[in-house]
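S.K.: Okay, sequence plus prediction incoming.
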Amino acid sequence: MTRIRVLSPVGEVTGERVAVPPLPGAWQGLTVGFLDNTKSNFDRLTVGMGELLRDRLGVAAVVHRRKANASTPAPPELLAELGKTCDVVFAGSAD
């Protein structure tokens, strides 16, 4: 009798859970960062968002940083820099 090997496509979920802090109630004087994952138009989107945040909410500064590509995580040094210089950081993509 021929044997059939069955593989399960279900993976194991690993990692730690972290609590996401709430967004600030007031944005005046804060530094906001954007982490670009290199997808098309993310830079255009966040430049406009940064202008709105400064003009309408009084954000003091906007920082833009870019990952090497969309499929790899941001280097720890880049995350540490954003953590030290920004009050809030948005990471995302756009197409």
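M.R.: Yep, that arrived. Numbers count the residues shown, from 1 in each chain.
S.K.: What sits closest to Met49 if chain neighbours are left out?
M.R.: Here the nearest residue to Met49 in space, its sequence neighbours aside, is Phe34; by CB to CB, 6 or more residues apart in numbering that works out to 7.5 Å. In this view, the C-beta of every residue, glycine as well, is placed from N, C-alpha and C.
S.K.: pLDDT score assigned to the one you found?
M.R.: The per-residue pLDDT reported for Phe34 equals 96.
S.K.: In this structure it contacts Leu53, no?
M.R.: No - contact criterion CB atoms under 8 Å: Phe34 and Leu53 do not qualify, at 10.1 Å.
S.K.: which one of those two has more residues nearby?
M.R.: In this view Phe34 and Leu53 are compared by other CB atoms under 10 Å, and Phe34 has more residues nearby, 23 against 19.
S.K.: Would you double-check that the residue nearest to Met49 falls in a strand?
M.R.: Yes - with DSSP: H, G, I helix; E, B strand; the rest coil as the criterion, Phe34 is located in a strand.
S.K.: give me every residue that touches it.
M.R.: Taking CB atoms under 8 Å, 6 or more residues apart in numbering as the definition of contact, the neighbours of Phe34 are Phe42, Thr46, Met49, Gly50, Val62, Val63, His64, Arg65, Val89, Phe90, Ala91, Gly92.
S.K.: Tell me the spacing between it and Gly50.
M.R.: Using CB to CB, to the nearest Å, one obtains 7 Å as the distance from Phe34 to Gly50.
S.K.: Would you mind listing the residues touching both of the two?
M.R.: Shared contacts of Phe34 and Gly50, defined by CB under 8 Å, 6+ apart, are found at Val62, His64.
S.K.: Which pLDDT value belongs to the closest residue to Gly92 other than its chain neighbours?
M.R.: Spatially, and ignoring its direct neighbours in sequence, Gly92 is nearest to Phe42 (6.7 Å; CB to CB, 6+ apart). Looking at Phe42, its pLDDT is 87.
S.K.: Low-confidence stretches in the chain?
M.R.: Of all residues in the chain, those with pLDDT under 70 make up the ranges 93-95.
S.K.: remind me, longest helix of it?
M.R.: Ranked by number of residues, the top helix in the chain under DSSP state H is helix 42-57.
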